[in-house]
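> have a look at this fold, sequence not included:
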Ligand SMILES: Cc1cc2nc3c(=O)[nH]c(=O)nc-3n(C[C@H](O)[C@H](O)[C@H](O)COP(=O)(O)OP(=O)(O)OC[C@H]3O[C@@H](n4cnc5c(N)ncnc54)[C@H](O)[C@@H]3O)c2cc1C
Ligand SMILES: NC(=O)c1ccc[n+]([C@@H]2O[C@H](COP(=O)([O-])OP(=O)(O)OC[C@H]3O[C@@H](n4cnc5c(N)ncnc54)[C@H](O)[C@@H]3O)[C@@H](O)[C@H]2O)c1
């Protein structure tokens, strides 16, 4: 028998973007249903940001001991990968359950299964007879890993599988030169693997400042990561329990695992959007400045939306909250994004916000200065070998952009992001009392 349910708003996808919209729409008095086909909570807490940073914690703990090895800390330290993985799984295994509990507490309905549009306001759930009608829909279905199109591509594992590896092989190859490739290289090298990072051009992390990327590359090379530039992978083959990466450069790299980290693809093509009059392209669902799709009652948020900004958890949540306001008519202005900080969680971390150095070069009212902070007290005391910042100021002394490398670059970039959003200059920053000595109490020295 066919079940038809009706709601004010239906949300497809239970990641950070969909959940943020759901919570705010419910608070505004709407009846809401969230549909999820896989793990409740989406990519970030189950097989993205959170497990990745959890694994990194052990690598960083090991590193900080190494930094102080001849400065008062004695003893051997090593990573027990299976214990670390158990710690990770203990966290991730509870995410779906706690997400569902939070939906129940907030009286938001949920339906498990793959959603597909059957017409402009109706969605069918997988192979079931459940059909959901809603006045408005929010598409928040995210992205999936892109696949290589070479012979043996299926022998490579994706980011989700890497984050659940039962054992860390002696040697691994990571194909890609972006966020995931660098972050996983740091984790695997820290856990003791010989890492081959295979970059198909000569400019990895191309959205980041080239000089600071070189410092990150040098730091990884010092930890034993082997970076192969301009290497075009032509095939992957299996050799007993090992895999061989074939390319234009050598007779093959033999490793225990090959990880593909060559970008992510929009899930827009999985929703039968043609039945609902919603257009999409390769980079996601087409949206206007209100995140409305080509169907005025259907919105798209988060990674799946072709909104032209970085595809990150806090950006998706921001878009989800914005769309909730648009749907309840509490927002009449186009979406306006604050400064968006981006971080590569490597060893060290590389972070960037606001105007880039490359953009500043063509603007005569902007100046930049470069600060080697290795000997600043905050970092000297921890023995950190690579800490550097580049700060961009306008002619009124207001900070407009920053790039930072260091173990605490992720925290520091948030302070600098606040300064940018507040249009703060030297006086504004020195007018605060910061606990000393801390990363924040260094801020006045950035001007
Ligand atoms: C390895 C990795 C590390 C990352 N690290 C960071 C980081 O450190 N910081 C950061 O900000 N971002 C990071 N990201 C990106 C971040 O995870 C995403 O930007 C974020 O999860 C996007 O949220 P979303 O809600 O748009 O999509 P998602 O979190 O991907 O959620 C979409 C949900 O929709 C579901 N779905 C898809 N199709 C359907 C359907 N037809 N019916 C029902 N449900 C469906 C999916 O199963 C999924 O649960 C990382 C990503 C990866 C892969
Ligand atoms: N710290 C973070 O915030 C974080 C971490 C991980 C992922 N993410 C999100 O997930 C997205 C995906 O991450 P990603 O690292 O997979 O993508 P990415 O877009 O950052 O990098 C993909 C890399 O793969 C390379 N590449 C593309 N095709 C290739 C091919 N055929 N052979 C070899 N190399 C190829 C590209 O040149 C690029 O260097 C990011 O863009 C970001 O939105 C964010």
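Alright, I've got the coordinates. All of these numbers come straight from a predicted model, not from anything done at the bench. Ligands and ions are numbered 1, 2, ... in the order given.
> wasn't residue 254 part of a strand?
Yes: under DSSP: H, G, I helix; E, B strand; the rest coil, residue 254 sits within a strand.
> can you give me the strands for the stretch 301-447 of the chain?
305-306, 342-344, 349-354, 367-372, 388-393, 399-406 (DSSP state E, counting those that start in this stretch).
> so in that sheet, which strands flank the last one, and in what orientation?
Right, the one you point to is strand 399-406. In the sheet, strand 399-406 lines up against strand 349-354 (antiparallel), strand 388-393 (antiparallel) (DSSP bridges).
> for the last one, list every residue counted as buried.
Think strand 388-393. Under the neighbour-count criterion of 16 or more other Cβ atoms under 10 Å, strand 388-393 has 388, 389, 390, 391, 392, 393 buried. From N, CA and C alone the C-beta is placed, and that goes for glycine too.
> touching that strand from outside, list them.
Here strand 388-393 makes contact (Cβ atoms under 8 Å, 6 or more residues apart in numbering) with 209, 212, 215, 354-355, 357, 360, 366-374, 399-406, 412, 416, 446-447.
> in the sheet, who's paired with residue 298?
So, taking DSSP bridges as the rule, residue 298 has residue 137 as bridge partners.
> contact partners for it?
Counting by Cβ under 8 Å, 6+ apart, residue 298 has contacts 120, 136, 137, 138, 139, 276, 278, 292.
> out of the residues you listed, flag the one nearest to residue 23.
Using Cβ to Cβ, residue 138 comes nearest to residue 23 of these, at 12.0 Å.
> give me the number of residues near the closest one?
The local packing of residue 138 (other Cβ atoms under 10 Å) involves 31 other residues.
> helices of this structure, residue ranges please.
For the chain, the helices defined by DSSP state H occupy 16-27, 43-47, 49-67, 81-92, 95-105, 159-162, 179-190, 210-222, 313-327, 357-360, 377-380, 409-421, 426-430.
> distance of the residue nearest to residue 267 when sequence neighbours are not counted relative to ligand 2?
Nearest residue to residue 267, sequence neighbours excluded (Cβ to Cβ, 6 or more residues apart in numbering): residue 141, at 4.2 Å. Distance from residue 141 to ligand 2, counting by Cβ to the nearest ligand atom, to the nearest Å: 15 Å.
> who's in contact with whichever residue of the stretch 301-447 of the chain sits closest to ligand 2?
Closest contact between the stretch 301-447 of the chain and ligand 2, by Cβ to the nearest ligand atom, is at residue 311 (3.8 Å). Residue 311 makes contact with 143, 264, 302, 303, according to Cβ under 8 Å, 6+ apart.
> show me how to select, in PyMOL, the buried members of those.
Buried residues among the contacts of residue 311 (16+ other Cβ under 10 Å), as a PyMOL selection:
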select buried, resi 143+264+302+303
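> farthest pair in the contacts of residue 311?
Between any two of the contacts of residue 311 (Cβ to Cβ), the greatest distance is 12.0 Å, for 264 and 302.
> the closest residue to ligand 1 within the stretch 51-200 of the chain: neighbour count?
As assessed by Cβ to the nearest ligand atom, ligand 1 sits closest to residue 142 within the stretch 51-200 of the chain, at 2.3 Å. Look at residue 142: counted by other Cβ under 10 Å, it has 27 neighbours.
> what of residue 208?
Neighbour tally, residue 208, other Cβ under 10 Å: 23.
> check residue 90 too.
The local packing of residue 90 (other Cβ under 10 Å) involves 10 other residues.
> how long is stretch 217-233 from one end to the other?
Distance between the boundary residues of stretch 217-233 (Cα to Cα, to the nearest Å) amounts to 21 Å.
> touching it from outside, list them.
Residues outside stretch 217-233 that contact it (Cβ under 8 Å, 6+ apart): 148, 150, 175, 182, 185-186, 189-190, 194-202, 204, 245-249, 253, 346-348, 385-386.
> just the buried ones out of the residues you listed, please.
The neighbour count (16+ other Cβ under 10 Å) marks 148, 150, 175, 182, 185-186, 189-190, 194-200, 204, 245-247, 253, 346-348, 385-386 as buried among the contacts of stretch 217-233.
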